[in-house]
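Engineer: Any chance you can model this:
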Amino acid sequence: MYKDTLTPERPAPVSRKGLTGWLRTNLFSGPLNSAVTLLGLYGLYLILVPIIDWALLSADWTGVSRDACTSGGACWVFITNRLQQFTYGFYPSDELWRINLTFVLFVAQLLWLALPRLPGKMWLGPFMVLVFPLIAWVLLYGGWFGLTEVPTHNWGGLTLTLILAVVGITAALPIGTLLALGRRSHMPIVRSLSVVFIEFWRGVPLITVLFMSSVMLPLFVPEELTLDKLVRAMIGIIFFQSAYMAEVVRGGLQAIPRGQYEAAAALGLNYWKMMVLIVLPQALKLMIPGIVNTFIALFKDTSLVLIIGLFDLLAIVQAGLADPNWLGYATEGYVFAGLVFWVFCYGMSKYSQYLERKLHTGHKKR
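Structural biologist: Model prediction:
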């Protein structure tokens, strides 16, 4: 006998819903999976419990000298006592407001660009790239409008790391994009120059580039033009990262179907309009993971400037470890520096994932 009505839908078993269901499905779906899960949890217990005890439970947080570190755990007193130096380097204490003001202005502009449905973004972008660097230089270096001049050899710590990273990121993307377009150009001279530039800078280590920018670059500029060591390091980082960025962007350009070029040509668009309005927006959207990966690598590579005498965050932590009053606390210093780098890199990674979801238009499978 056949039924002429459907059986009512039944709720899922309790053992398959919620946290219990997730655990049964993913961690305890069988004897082998359960054994591996328990073994992994035991391994995490052996690793994490001593770390948590050393870093948090038995740690010393307050004090003015190493005499306050008596518990046997981490001595975060070393970090708290030198936090200003780790953040600002050797910048004069009574001028720190200039760094803070520059940072606040920069973050405010970034938030304005990042938050949706805010007006004026078309003008704010060029302002950040063309005008704000001059404002930041006047604020940080001084010598104008009654501001005390602070030479770049007094800059350091996290401030110097962020300056190198922001300048490198801001300049490497447009230069790398132009190099990628030049490498795909039909003009032999433009294509050849782009290929030579990209392959040269990609073929040498960043350490070599920094040495070249610090020692050899002054030999190729007029004697009356004196380039600051920080400026020379910025030039080297920009050229080096632009070569890598060019290959990332070129990969995105090659992923665009030929029909997009033909459709733009059929609409009567010239080369630059076709690239700016049709091709590059699609290519850059596809290359968000690669672009952000290059940005993260650049942010971490800024620590190499210590070899030419610039005291970035890692270098100034190492300098603090050489203080006779704080010998023996290298672990705390390197953990602090590593955590700071991780926070910024993780933030860039999460924002890139947000951009991918926001700009998703069906070009890839979910």
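Engineer: drop to CA atoms for contacts and neighbour counts, all remaining ones
Structural biologist: Fine.
Engineer: Buried residues, the helix or strand encompassing Phe239. List them.
Structural biologist: If you go by DSSP states H and E, Phe239 is part of helix 229-255. Neighbour counts over helix 229-255 (16 or more other CA atoms under 10 Å) mark 229-230, 232-253 as buried.
Engineer: One more: stretch 35-55?
Structural biologist: Buried residues in stretch 35-55, counted by 16+ other CA under 10 Å: 54-55.
Engineer: what comes into contact with it?
Structural biologist: 27-28, 59, 72-74 (CA atoms under 8 Å, 6 or more residues apart in numbering).
Engineer: Give me the number of neighbouring residues for Val77.
Structural biologist: Val77: 22 surrounding residues under other CA atoms under 10 Å.
Engineer: That one touches Ala59, doesn't it?
Structural biologist: No - counting by CA atoms under 8 Å, Val77 does not reach Ala59; the two are 9.1 Å apart.
Engineer: Kindly spell out which helices and strands sit in contact with the helix holding Phe239.
Structural biologist: Packed against helix 229-255 by the contact rule (3 or more CA pairs under 8 Å, 6 or more residues apart in numbering; DSSP states H and E) you find helix 157-183, helix 188-202, helix 206-211, helix 280-286, helix 288-301.
Engineer: which one of those is the most hemmed in?
Structural biologist: Mean neighbour count (mean count of other CA atoms under 10 Å) peaks for helix 157-183 among those, with a mean of 21.
Engineer: Also compute the angle for it relative to helix 229-255, please.
Structural biologist: 40 degrees (axes from the mean of the first three to the mean of the last three CA atoms, to 10 degrees).
Engineer: I would like the residues contacting stretch 56-69, please.
Structural biologist: Applying CA under 8 Å, 6+ apart, the contact partners of stretch 56-69 are 53, 70-78, 80-81, 325-326.
Engineer: can you pull the buried residues of that stretch?
Structural biologist: Buried-residue list, stretch 56-69, by 16+ other CA under 10 Å: 58-61, 66, 69.
Engineer: Alpha carbons of it, in PDB - could you do that?
Structural biologist: The C-alpha trace of stretch 56-69 is given here as PDB (Å, rounded to 0.1, in the frame of the first residue of the first chain):
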ATOM      1  CA  LEU A  56      51.100  34.800  32.400                       C
ATOM      2  CA  LEU A  57      50.600  33.000  35.700                       C
ATOM      3  CA  SER A  58      54.200  33.200  37.000                       C
ATOM      4  CA  ALA A  59      55.200  36.300  35.200                       C
ATOM      5  CA  ASP A  60      56.400  39.600  36.700                       C
ATOM      6  CA  TRP A  61      54.700  42.700  35.300                       C
ATOM      7  CA  THR A  62      55.600  45.700  37.500                       C
ATOM      8  CA  GLY A  63      58.900  47.100  38.800                       C
ATOM      9  CA  VAL A  64      61.700  49.400  37.800                       C
ATOM     10  CA  SER A  65      64.600  46.900  37.600                       C
ATOM     11  CA  ARG A  66      65.500  43.300  37.200                       C
ATOM     12  CA  ASP A  67      65.300  42.900  41.000                       C
ATOM     13  CA  ALA A  68      61.500  42.800  40.600                       C
ATOM     14  CA  CYS A  69      61.700  39.600  38.600                       C
END
